[in-house]
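Asker: A structural model of the following input is requested.
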Amino acid sequence: MKIAFCALNVDECSRDLHDCSDDCTNTDGSYTCGCPTGYQLGSDERTCEEVDECAADIDECSHDCTNTDGSYTCGCPDGYELGSDEKTCNDIDECASAPCQNGGECQDGVNQYTCSCASGWDGTHCEEDIDECTLDSNSCHVCENTMGSFVCSCRDGYVVGDDGMSCIDVNECDVEQDECSHDCTNTDGSYTCGCPTGYILNSDERTCDELMKKGCELSIDQIGGVKQVFTSALSDTQSSEFRSFSSRMEFALDESFMSSSISPMYQGCQVISCRAGSIIVNFEVYLLQDSATVENVTNAFLEVLNGSTFGSSQITIVPSTWRVYEIAEADSSPPWYTVPLYVALVVVGCAVVVTAAVVATVYWCGKHDRHRRKQRAVEAAPHADSPPPPYGDHERKTAWNVDA
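Answerer: Here you go, the predicted model:
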């Protein structure tokens, strides 16, 4: 019987005596199989099978994992980008590219961004101008759209308010922007002109012309069947009694004259004063220029008298007191003392008077002085029984202060 002795180890790996599919590692009397990174040894311990790191959850990806032959790659969802380690994902800042226009503010999100637009702009990127003039958010009279905004203006008679949108009425009467020659009344966006009693507004609606006026007088006996008694308050044109009484009278007179033959030319009336005699009322009737005579006005009032009563308030008069008269026009010529000739004469006359006064004063003063000197001389003369002085006539006269 022969016994075999094996003294040397056989390297199956180097002699390719192994059946490993990939790596072979020699061992004492045998060998083991191994696999490269990304593979693992199969159950037969000889062949290598590819490892799915993604499925085995042994990858280092922060988000997406894609298996490859022997390895894997990492990926990122939309809105992220792979970092330098090729494993982690970083959020992409979509606002970094400044996508918002016209002063819009960018707000970054995951794989998105939103623009908050400045006033006057709209759209995803604030690229669309809003036409504010088509909205109900402004109170402009006249709206003009501009890029990103709008401008308000107002119609004539208004100014733009502090808010830049509202229109405020201009009171032309207060700021003296009106063209009225007399009275001005402000209206919404404009004004109207008026005239005082006794004037009429011209066709230009700005200036006033004086009306023709006739003076009238009558005595009131009763009003509505009530006896009228004059009081001192009625003589005061500023009293409430006078204003109330004159309003009733003017209303009744308007009623009467407007239904009379002078109606087309009648322009109103005004009570001027009241005095005792029952109540004697003086008033003026205003007519279109050169349109009526005293006789016309007299007859027109008599036409509307019902007996001795007129007006809806039943004012009874003393018919015999009714009279109409012309109102004398004030002299429009300048006072005599403003006429140059008169001024010159007054100046010369004053100069003559002053000169005469100076001459008279000088004469009177001279005469009075001579009289006083003579009086002193007489008082100083010696009596008849005094001895003659021891000097001649010249010396004597000099001593007595008598003219030589």
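Asker: Domains in the protein, by residue range?
Answerer: Taking automatic domain parsing as the reference, the chain has its domains at 96-129, 132-169, 212-326, 333-404.
Asker: what about residue 60, which SS state?
Answerer: Three-state call for residue 60 (DSSP: H, G, I helix; E, B strand; the rest coil): coil.
Asker: in a strand, that's where residue 96 is, yeah?
Answerer: No. Membership of residue 96 in a strand is not supported by three-state DSSP, which gives helix.
Asker: what's the spacing between it and residue 106?
Answerer: The gap separating residue 96 from residue 106 is 9 Å, by C-beta to C-beta, to the nearest Å. Every residue, glycine included, has its C-beta placed from N, CA and C.
Asker: now do residue 114
Answerer: As judged by C-beta to C-beta, residue 114 and residue 106 stand 8 Å apart.
Asker: Can you pick out the residue with more neighbours from those two?
Answerer: residue 106 (18 against 14; other C-beta atoms under 10 Å).
Asker: Touching, the more buried one and residue 115? I think so.
Answerer: Yes. Between residue 106 and residue 115 there is a contact at 5.9 Å, judged by C-beta atoms under 8 Å.
Asker: Now do the shared contacts for these two.
Answerer: Residues touching both residue 106 and residue 115 (C-beta atoms under 8 Å, 6 or more residues apart in numbering): 99-100.
Asker: for this protein, what helix or strand is lowest in average pLDDT?
Answerer: Every helix and strand of the chain was ranked by mean pLDDT, DSSP states H and E. The lowest is helix 393-399, at a mean of 43.
Asker: before we move on, the earlier item: make CSV from the domains of the chain and add distance to residue 45 to it.
Answerer: Shown next, in CSV, are the domains of the chain (distance: least, C-beta to C-beta, whole Å):
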stretch, distance to residue 45
domain 96-129, 48
domain 132-169, 77
domain 212-326, 131
domain 333-404, 145
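Asker: Of all those domains, which one is nearest residue 60?
Answerer: Ranking the domains of the chain by proximity to residue 60 (C-beta to C-beta) places domain 96-129 first, at 22.1 Å.
Asker: low-confidence ranges in the protein?
Answerer: 1-7, 329-354, 356-404 (pLDDT under 70).
Asker: And the helices in it?
Answerer: Secondary structure of the chain (DSSP state H): helices at 240-258, 294-304, 340-380, 393-399.
Asker: Residue 318 against residue 218, yeah?
Answerer: Yes. Using C-beta under 8 Å, residue 318 is in contact with residue 218, at 7.4 Å.
Asker: Look at the two and report which has more neighbours.
Answerer: Counted by other C-beta under 10 Å, residue 318 and residue 218 do not tie: residue 218 has more neighbours, with 24 against 14.
Asker: Nothing else from me, thank you.
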